[in-house]
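# return atomic coordinates for the entry below.
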Amino acid sequence: MGNLSLTLATGPYDRVEAIAKGVVQPEGIDVTCLQIQSPPEIFTRMMKTRAFDLCEMSLSTYLTRRSRGSFPFIALPVFPSRVFRHAYIYVNRKQGIAEPKDLNGKRVGVQEYGQTAAVWIRGILQHRHGVDLSTIHWVEGGVNTPRPPDEDMDLRPAGALEIDPAPADKSINDLLLEGDIAAYLGARQPDALGTHPDIVRLFPDYRRTERDYFRETGIFPIMHAIVMREELHSRHPWIAESMFKAFQAAKAWVLEHMRFSGAMLYMVPWLNAEVDEIRELFGGDPYPYGVEANRDNLDTFMQYLVEQGFVAEPRPALEDLFTPIVGWAE
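Predicted structure coming up:
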């Protein structure tokens, strides 16, 4: 009997490159790997047409819908996308915002209220900087271009929420420049940053702030997980272990290449310094896989989802939300 033929869709990540190139071959599986630049395209195609066998998926969408019992996908404990988020809070300096608490009572823009980046940022602002989220009036819309009128809205939380759509002919970037909103937080940078003097980051020295955050919490925020169609997992549960091992091997392959000192393989001028920091700060692996290695990360995010009204208590156990990986010593 030959190998299973499966499709996998992710972003064009270095940590997936070895699978896409065929350098790493998952046991018993022939993989067609589609590397698609736009994560929302991947998510939408999977949810609307079951376009792939496995793909990356928004962590907030997955945990919320899976917790509500209405999601026909199961996640592997593989997390191909992580981003520190202090750099992704932008303010109009004329609105008098000098520190996070100044956001209280303001109008703040978001691309999608339920997107993973927004959930992380709100949780961090609330727990680490004393921002009262209940006082904020939210405005949702496209970041640099107006949102198409027929675009689906994301999941809504339970309870009352002060949130308005941006005007049909305005982007969040427009509203921020005009002062109609005082700030914007999310996953994409507004065009006005760096081109207009009034639009600045809330945390100017964000790299230091993010380093301090990691040193204090051990959290490099997870954005996406790998999911597979649940009916496929029910028929062939071994796929999860084979793909997990392949993702591990692909990550090890690129880390080894990154550490090669004979020539710099990536267009990062101080790559050697970055590699040294990865070793010092992250123990050599900034993208650990597995539930146990990410328990604090995932528990914190689930807490934010509960507090922000997306997931109800009692929340499901993490072990029930991810495929078991038999034989993997975390």
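
# alpha carbons only for contacts and neighbour counts from here, please
Noted.

# now the strands for the stretch 51-200 of the chain?
54-58, 73-82, 89-92, 107-110, 137-140, 163-165, 183-185, 199-201 (DSSP state E, counting those that start in this stretch).

# partner strands of the third one and their direction?
Looking at strand 89-92 with DSSP bridges, its partner strands are strand 183-185 (antiparallel), strand 199-201 (antiparallel).

# what does the last one contact?
If I follow you right, that is strand 199-201. Contacting residues not belonging to strand 199-201 are listed as Ala87, Tyr88, Ile89, Tyr90, Val91, Asn92, Arg93, Leu176, Leu177, Ala192, Leu193, Gly194 [CA atoms under 8 Å, 6 or more residues apart in numbering].

# domains in this structure, as residue ranges please.
The record's domain parsing of the chain by automatic domain parsing lists 4-82+221-320, 86-217.

# and those as JSON lines, adding distance to Val326?
JSON lines is the format used below for the domains of the chain (distance: least, CA to CA, whole Å):
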{"stretch": "domain 4-82+221-320", "distance to Val326": "7"}
{"stretch": "domain 86-217", "distance to Val326": "28"}
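
# dump the ones you listed to a markdown table, plus mean pLDDT, mean neighbour count and distance to Gly327.
As requested, the domains of the chain are arranged in a markdown table below (pLDDT from 0 to 100; neighbours: other CA atoms under 10 Å; distance: least, CA to CA, whole Å):
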| stretch | mean pLDDT | mean neighbour count | distance to Gly327 |
| --- | --- | --- | --- |
| domain 4-82+221-320 | 96 | 17 | 9 |
| domain 86-217 | 95 | 18 | 28 |
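
# follow-up on the earlier one: in the contacts of strand 199-201, find the pair that's most separated.
Ala87 and Leu177 (18.3 Å; CA to CA).

# now distance to Ile136 too, for the strands paired with strand 89-92, in JSON lines please.
Output for the strands paired with strand 89-92, formatted as JSON lines (distance: least, CA to CA, whole Å):
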{"stretch": "strand 183-185", "distance to Ile136": "11"}
{"stretch": "strand 199-201", "distance to Ile136": "18"}
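
# helices or strands next to whatever helix or strand Glu256 lives in in the packing?
Using DSSP states H and E, the element containing Glu256 is helix 238-258. Identification of packing neighbours for helix 238-258 by 3 or more CA pairs under 8 Å, 6 or more residues apart in numbering; DSSP states H and E yields helix 17-21, strand 73-82.

# show me the one of these that comes nearest Arg208.
strand 73-82 (17.4 Å).

# just the CA atoms of that closest one, as PDB, please.
Output of strand 73-82 as PDB, limited to C-alpha atoms (Å, rounded to 0.1, in the frame of the first residue of the first chain):
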ATOM      1  CA  PHE A  73     -11.000  20.400  12.600                       C
ATOM      2  CA  ILE A  74      -8.600  19.200  15.300                       C
ATOM      3  CA  ALA A  75      -5.300  20.900  16.000                       C
ATOM      4  CA  LEU A  76      -1.800  19.400  16.200                       C
ATOM      5  CA  PRO A  77       0.300  21.000  18.900                       C
ATOM      6  CA  VAL A  78       2.400  22.700  16.100                       C
ATOM      7  CA  PHE A  79       2.500  26.500  16.100                       C
ATOM      8  CA  PRO A  80       4.100  27.900  13.000                       C
ATOM      9  CA  SER A  81       3.300  31.600  13.600                       C
ATOM     10  CA  ARG A  82       4.300  33.600  16.700                       C
END
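
# can you name the residues in contact with it?
13, 15-16, 56, 62, 66, 220-230, 233, 240, 244, 247, 287-291, 321-324.

# so which of these are in helices?
Residues of the contacts of strand 73-82 located in helices (DSSP state H): Tyr62, Arg66, Glu230, His233, Ala240, Phe244, Phe247.

# show me what contacts the residue nearest to the last one when sequence neighbours are not counted?
Same thing as Phe247. Spatial nearest neighbour of Phe247, chain neighbours left out: Val16 (6.8 Å); criterion: CA to CA, 6 or more residues apart in numbering. If a contact means CA under 8 Å, 6+ apart, then Val16 has Thr10, Pro80, Phe247, Ala250, Lys251 as its contacts.

# run the last query once more with 10 Å
10, 24, 33, 35, 80, 246-251, 253-254 (CA atoms under 10 Å, 6 or more residues apart in numbering).
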